[in-house]
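In: the following block contains a protein sequence and its predicted model.
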Amino acid sequence: MKAKVYVTLKPSVLDPQGKAIKHSVELLGFHGVNDIRQGKYFEISLDSSVSETNAREEATRLAHDVLSNPIIEDFRVEIEK
Amino acid sequence: MKFGVVVFPGSNCDHDAYHVISKHVGQPVDFIWHRDIDLSTYDAVIIPGGFSYGDYLRAGALARFSPVMNSIREFAAQGNLVLGICNGFQILCEAGLLPGALIRNRDLHFICDYVNVRVENTDTPFTQELKPAACCACRSRMLKAIMSVTTRPSKTWCATSKSFFVTATAAEM
């Protein structure tokens, strides 16, 4: 089983990296791009004996306590069997 | 007064801190490896700057799980002095010993400059001999400090002990 964790800056937090990427993307000739926000993605392999409910709980705790800083970041957890 | 300078893998201003305490402040000082947990012989602990754990995940985010950090939490709770500089300050924020979080500076440019900082709080062991600034215009009451703002989460200096929180507000950045 695999847990996927997406960590993104809260919408209210400025993302200068995303802005710099958007600028470069525009220089490359891509138009119609309104905004780019950069985030982090984690793949966590879990033992097959772990139930989906437990996997979600564990991954959520891990995302909250370690992978994200809840003051400035949000996270989303997906479980893949 | 016995000082300890914490060394994490990736700390690189630990020797600077050691040098200043031993040669300029003239006090006894030891390095504290991040796996050490006994702080009983120290009166003050300095968390120096650098790139603890390579700044992986977020600056300071992994250092807070080092064994020494639990001891530092207790050390500060007992009213002892803890000073975080640069990456050390980031570690204290990530560990929840200081409030807030650090984000990247707006323009992604490296800036290293002299800036004026205003003394916000003189009710701390670190600032009790300073005069509080009444307003931004009181230039004579401002401290000159070097503040580098980099593409890493922006840096400032800060210090804490039990219930003290020193803030130096950058003025005229």
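Out: Great, that's in hand. Residues are numbered from 1 along each chain as shown, chains lettered A, B, ... in the order given.

In: so what's the residue of chain A found nearest chain B up against?
Out: In chain A, the residue that lies nearest chain B is residue A:71 (4.0 Å; C-beta to the nearest C-beta). (Each C-beta comes from the backbone N, C-alpha and C, glycine too.) The contact partners of residue A:71, by C-beta atoms under 8 Å, 6 or more residues apart in numbering or on different chains, come to B:100, B:101.

In: mind checking how far the closest residue to chain A within chain B is from residue B:67?
Out: Proximity of chain B to chain A (C-beta to the nearest C-beta) peaks at residue B:101, 4.0 Å away. To residue B:67, residue B:101 is 23 Å away according to C-beta to C-beta, to the nearest Å.

In: the more surrounded of the two?
Out: With neighbours defined as other C-beta atoms under 10 Å in any protein chain shown, residue B:101 and residue B:67 compare such that residue B:101 has more, 17 against 11.

In: residues contacting that one?
Out: Counted by C-beta under 8 Å, 6+ apart, residue B:101 has contacts A:69, A:71, A:72, B:93, B:94.

In: that one: what secondary structure?
Out: Using DSSP: H, G, I helix; E, B strand; the rest coil, the secondary structure recorded for residue B:101 is coil.

In: spatially, what comes nearest to it if we skip its sequence neighbours?
Out: residue A:71 (4.0 Å; C-beta to C-beta, 6 or more residues apart in numbering or on different chains).

In: what about residue A:18, which helix or strand?
Out: helix A:16-27 (DSSP states H and E).

In: next, see if that helix gets close to chain B.
Out: Yes - using C-beta under 8 Å from any C-beta of the partner chain, helix A:16-27 comes into contact with chain B via A:16, A:17, A:20.

In: if you skip the residues just before and after it, what's nearest to residue A:41?
Out: residue A:6 (5.7 Å).

In: spell out which residues of chain B are next to chain A.
Out: So chain B meets chain A at B:57-58, B:61, B:65, B:94, B:100-101, B:103-108 (C-beta under 8 Å from any C-beta).

In: in JSON lines: these, plus secondary structure and pLDDT.
Out: Listed next are those as JSON lines, based on DSSP: H, G, I helix; E, B strand; the rest coil; pLDDT from 0 to 100:
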{"residue": "B:57", "secondary structure": "coil", "pLDDT": "94"}
{"residue": "B:58", "secondary structure": "coil", "pLDDT": "92"}
{"residue": "B:61", "secondary structure": "coil", "pLDDT": "95"}
{"residue": "B:65", "secondary structure": "helix", "pLDDT": "96"}
{"residue": "B:94", "secondary structure": "helix", "pLDDT": "93"}
{"residue": "B:100", "secondary structure": "coil", "pLDDT": "82"}
{"residue": "B:101", "secondary structure": "coil", "pLDDT": "85"}
{"residue": "B:103", "secondary structure": "coil", "pLDDT": "79"}
{"residue": "B:104", "secondary structure": "strand", "pLDDT": "78"}
{"residue": "B:105", "secondary structure": "coil", "pLDDT": "74"}
{"residue": "B:106", "secondary structure": "coil", "pLDDT": "76"}
{"residue": "B:107", "secondary structure": "coil", "pLDDT": "75"}
{"residue": "B:108", "secondary structure": "coil", "pLDDT": "75"}
